[in-house]
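Participant: Take a look and give me a structure for this.
(4 chains)
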Number of protein chains: 2
Amino acid sequence: MTQYKGQEHYLVAVDCIIFGFDGEHLNLLLIKRGFEPKKNKWSLMGGFVQPTEDLDGAAKRILHQLTGLKGVYLEQLKAFGQPKRDPEERTISISYFALIDINQYKEKISDTYAAEWFPLKKYPKLIFDHDKMIELAKGRLRYKASLHPILFELLPEKFTMPQLQNLYEDVYDTSFDKRNFSRKVLSTSLLVKLNDKDMSTSKKGAFYYKLNKKQYTENFHSFLKFIPNPDHLL
Amino acid sequence: MTQYKGQEHYLVAVDCIIFGFDGEHLNLLLIKRGFEPKKNKWSLMGGFVQPTEDLDGAAKRILHQLTGLKGVYLEQLKAFGQPKRDPEERTISISYFALIDINQYKEKISDTYAAEWFPLKKYPKLIFDHDKMIELAKGRLRYKASLHPILFELLPEKFTMPQLQNLYEDVYDTSFDKRNFSRKVLSTSLLVKLNDKDMSTSKKGAFYYKLNKKQYTENFHSFLKFIPNPDHLL
DNA sequence: TCAAAAGTGTTTATTCTACACCCATGG
DNA sequence: CCATGGGTGTAGAATAAACACTTTTGA
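Facilitator: This is a model prediction of the structure:
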């Protein structure tokens, strides 16, 4: 049996796939890499795991460095470990995906990172296996969102039913019947209707809703079947 | 931004949660650790990631070393990276779970490992965070099996409807109506009924079924809603 | 006054659930 | 011949899907 002695050691990194929703489309936050190798190439935000932090801690730190945000939805996606994935030196990368309210992200938190939002449907070539990570994250997001109310993490505190539907429609690249959609969403009693309206997108105005936090946290792991026939959409 | 130079390097290991079904209960294959630290303590089968292999490759190798099996169902579970999880030296462990046909595992493939099956409901204290890994794997198995036909991996080529139902009942620690259960399973057209019967558990005998491989591989990722009201069972 | 987006209800089809009796055979 | 486990069908309930018209108001 293998012993500790003589075993190879590797760099361990964390890479974050950061999703945001601008009201129209799902977007990805990418950075222009500031050092070699692949300097000035587009990349996921990442960094090495430090001696005193655990993996989730590293992911939170890295996310915070780029966005200034804390308390963000963050979930471990998968560990990537192809020997040659980083040509400089073998690095095991633990990928995470994050869902943030795009409005909370103020442009240029710091000048250290040249970050930019890209539509998920059209983002630049990325270094290493970062494209693979993104495709995997996209699949996972679709999968999970078809069963759990995860997409609310992408919206501001107050949002309207049409906004919510747009989000789902963009994620699944399809369209839903608005009567069935709102009935289904409301039947979960996850939402609280507010008295004020968003007047910015129509003359009639659309009522705002907010999450019922209690219901949300308690029922997060229940199966909610948000999406009709999700099979064909994943 | 962090550079490569001066970054800490860590050991990277793979640990395998190996499930088997003996007809009665779900079981775990554990080994008695052959080296320090924690020599002679029960542990998951694991090993360090070698320079030329990727993570899946390491998991396959480790699984093969213990069971002699190849082509086994194997899925990455989660990366564990608490700084002190291994008191000897910081080690990032990528956990995998495997589903094997318990009959394919011939006792004592080699004398190198003292391996033993334990019921999932009552297994010994394990080293490090291996208990956490197992609990996570159990949850993942239940979750996934409620949506996808994953549990067939635990059965032999030929199995009967009562066997299959026993398996599901043990996994979810509940009982199902056999009429509804078989109707639901058969409606997926995942199974092919054979002409011979298993005469070992009843006088009438129970027909064998086998998987329709084509249907199985094509529909594996579809949602199958195998389990009524899975919420309360996960 | 009309164009544009928001909001709402009903009918039909499908799926799920609960439930009980007959069958085949080895002892 | 009977005890044991295997096999099957149906009716009622719940859920999902398809579908169209009315409301509001700023321009």
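
Participant: Would you map the helices across chain A?
Facilitator: In chain A, the segments counted as helices under DSSP state H are A:55-67, A:130-145, A:161-172, A:178-187, A:213-219.

Participant: hey, least reliable of the ones you listed by pLDDT?
Facilitator: Of all the helices of chain A, helix A:213-219 carries the lowest average pLDDT, namely a mean of 93.

Participant: any bit of that one sitting next to DNA strand D?
Facilitator: No. On the criterion Cβ under 7 Å from any atom of the strand, helix A:213-219 is out of touch with DNA strand D, staying 14.5 Å away. Where you see a C-beta, it was placed from the backbone N, CA and C, and this is true even at glycine.

Participant: Can you show me the CA trace of that helix as PDB?
Facilitator: The C-alpha coordinates for helix A:213-219 follow below in PDB (Å, rounded to 0.1, in the frame of the first residue of the first chain):
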ATOM      1  CA  LYS A 213     -37.100  33.400   3.100                       C
ATOM      2  CA  LYS A 214     -38.400  30.900   5.500                       C
ATOM      3  CA  GLN A 215     -40.200  28.900   2.900                       C
ATOM      4  CA  TYR A 216     -37.200  29.200   0.600                       C
ATOM      5  CA  THR A 217     -34.600  27.800   3.000                       C
ATOM      6  CA  GLU A 218     -36.900  25.100   4.300                       C
ATOM      7  CA  ASN A 219     -38.000  23.900   1.000                       C
END
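
Participant: quick one: buried residues of it?
Facilitator: The neighbour-count check on helix A:213-219 (16 or more other Cβ atoms under 10 Å in any protein chain shown) flags residue A:219 as buried.

Participant: Say whether chain B is contacted by that helix.
Facilitator: No. Helix A:213-219 stays clear of chain B (Cβ under 8 Å from any Cβ of the partner chain), getting no nearer than 8.7 Å.

Participant: which ones are touching residue A:188?
Facilitator: The contact partners of residue A:188, by Cβ atoms under 8 Å, 6 or more residues apart in numbering or on different chains, come to A:149, A:215, A:219, A:224.

Participant: Mind telling me the two of the residues you listed farthest from one another?
Facilitator: Taking Cβ to Cβ, the two most distant members of those are A:215 and A:224; they sit 11.2 Å apart.

Participant: Domain parsing of chain A, as residue ranges.
Facilitator: Domain ranges of chain A: A:11-145, A:150-233, per automatic domain parsing.

Participant: now these as JSON lines including distance to residue B:117?
Facilitator: Supplementary listing: those in JSON lines, determined by distance: least, Cβ to Cβ, whole Å:
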{"stretch": "domain A:11-145", "distance to residue B:117": "28"}
{"stretch": "domain A:150-233", "distance to residue B:117": "30"}
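
Participant: Among these, which comes closest to residue B:176?
Facilitator: Nearest of the domains of chain A (Cβ to Cβ): domain A:150-233, 17.3 Å.

Participant: on that earlier part again, what's the most buried one of the domains of chain A?
Facilitator: Greatest average neighbour count among the domains of chain A goes to domain A:11-145 (a mean of 18), per mean count of other Cβ atoms under 10 Å in any protein chain shown.

Participant: from what I can see residue A:136 touches residue A:78, true?
Facilitator: Yes. Residue A:136 lies in contact with residue A:78 (Cβ atoms under 8 Å); the separation is 6.2 Å.

Participant: Can you check which residues contact both of the two?
Facilitator: Shared between the contact lists of residue A:136 and residue A:78 (criterion: Cβ under 8 Å, 6+ apart) are residues residue A:95.

Participant: For chain A, give me the ranges with low pLDDT.
Facilitator: Applying pLDDT under 70 to chain A flags the ranges A:1-2, A:106, A:108-111, A:231, A:233.

Participant: which parts of it sit against DNA strand D?
Facilitator: Within chain A, the residues that sit near DNA strand D (Cβ under 7 Å from any atom of the strand) are A:177, A:178, A:179, A:180, A:184, A:199, A:203, A:204, A:205, A:225, A:228, A:229.

Participant: and with 10 Å instead?
Facilitator: Within chain A, the positions lying close to DNA strand D (Cβ under 10 Å from any atom of the strand) are A:176-181, A:183-184, A:187, A:197, A:199, A:202-205, A:223-230.

Participant: measure residue A:164 to DNA strand C for me?
Facilitator: Distance, residue A:164 to DNA strand C, by Cβ to the nearest atom of the strand, to the nearest Å: 10 Å.

Participant: roughly how far apart are that residue and residue A:90?
Facilitator: Applying Cβ to Cβ, to the nearest Å, the value for residue A:164 to residue A:90 is 43 Å.
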